[in-house]
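Undergrad: What follows is a predicted protein model with its sequence.
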Amino acid sequence: MIRTDLEKAASFPMSSAATLQVAALQASAPIVLALAECEEELRAEAIELFKQLASGELDEEQRFATVALLAEILFPNADSKGAPGLDLVEAEAVASSLDPEAKDVLARMDEEESFFAARLRELMETKGLTQAELAVKVGIGQPAISMMLNRVCRPQRKTVLRFAEALGVPPEELWPQPRQEKVSG
């Protein structure tokens with residue numbers, strides 16, 4: 001019977017640090033393999049996102065969004081239980097089928113997202129900013145801006161505020177405010 005390198009390594013006494021290193025390397029293998037299988041453009045975007053994660057400069061919300069984006073890039077065809085890579089369109093279809101009100105909410109979100117992408121593109125052109133230049137001003141990666149412009153992902157509220165500040169416009173010029181229901185009195 002042939003033993004794997006991991007089994008051989010496990011048979012030797014190791015420090016807890018060495019054990020953690022082996023576990024980390026084993027856990028990272030599917031990520032590295034997925035990265036190797038990506039198209040060149042997506043691989044470059046994923047590497048930039050990994051650099052952001054490694055920088056230690058992201059807050060918890062930004063780390064979560066970055067990891068979710070990486071999961072979508074690296075594992076686009078994950079299972080139907082919501083594991084990394086769940087397709088946004090698929091998730092929205094599931095939500096609509098489970099909750100009748102979700103369809104209206106999703107339609108409103110789609111309108112807001114469309115408005116944001118168009119307005120962001122317009123402001124970038126007016127101010128002569130590239131995606132990379134805007135990314136530096138906002139403090140996010142260029143791939144995230146590309147994905148927002150192409151409506152592959154939705155910005156968080158905090159990110160919209162950072163875009164507005166970087167572009168010198170009120171947030172309402174980038175993301176429309178929710179419609180208020182009129183109260184009869």
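TA: Received the coordinates, thanks. Residues are numbered from 1 along each chain as shown.

Undergrad: How is the chain divided into domains?
TA: The chain is divided into the following domains under automatic domain parsing: 34-86, 102-178.

Undergrad: Make CSV out of those and add mean pLDDT and mean neighbour count.
TA: For every residue, glycine as well, the C-beta is placed using N, CA and C. Below are those laid out as CSV (pLDDT from 0 to 100; neighbours: other C-beta atoms under 10 Å):
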stretch, mean pLDDT, mean neighbour count
domain 34-86, 77, 14
domain 102-178, 88, 16
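
Undergrad: I'd like to know which of those lies nearest to Ala27.
TA: Taking C-beta to C-beta, domain 34-86 is the member of the domains of the chain nearest to Ala27, at 12.7 Å.

Undergrad: Grab the nearest non-local neighbour of Ile31.
TA: Nearest residue to Ile31, sequence neighbours excluded (C-beta to C-beta, 6 or more residues apart in numbering): Leu74, at 6.3 Å.

Undergrad: can you check Lys137 too?
TA: Leaving aside its chain neighbours, Lys137 sits nearest to Ala166 (3.9 Å; criterion: C-beta to C-beta, 6+ apart).

Undergrad: Other residues contacting the strand or helix carrying that neighbour?
TA: Element membership of Ala166, judged by DSSP states H and E, is helix 157-167. Contact with helix 157-167 is made by 61, 65, 116, 120, 123, 127, 134, 137-140, 155, 170-171, 173-175, as judged by C-beta atoms under 8 Å, 6 or more residues apart in numbering.

Undergrad: And stretch 171-180, by the same measure?
TA: With C-beta under 8 Å, 6+ apart as the criterion, stretch 171-180 contacts 108, 111-112, 115-116, 119-120, 123, 155, 157, 160-161, 163-164, 167.

Undergrad: ok, of those residues, which one's closest to Ile47?
TA: Scanning the contacts of stretch 171-180 for proximity to Ile47, where the rule is C-beta to C-beta, the winner is Pro155, at 21.6 Å.

Undergrad: Could you look up the SS state of that closest one?
TA: Secondary structure, DSSP: H, G, I helix; E, B strand; the rest coil: Pro155 is coil.

Undergrad: Please name the residues that touch the closest residue to it other than its chain neighbours.
TA: Counting by C-beta to C-beta, 6+ apart, the nearest residue to Pro155 once its immediate chain neighbours are dropped is Met148, at 5.4 Å. With contact taken as C-beta under 8 Å, 6+ apart, Met148 is in contact with 116-117, 120, 154-155.

Undergrad: I appreciate the help and will end here.
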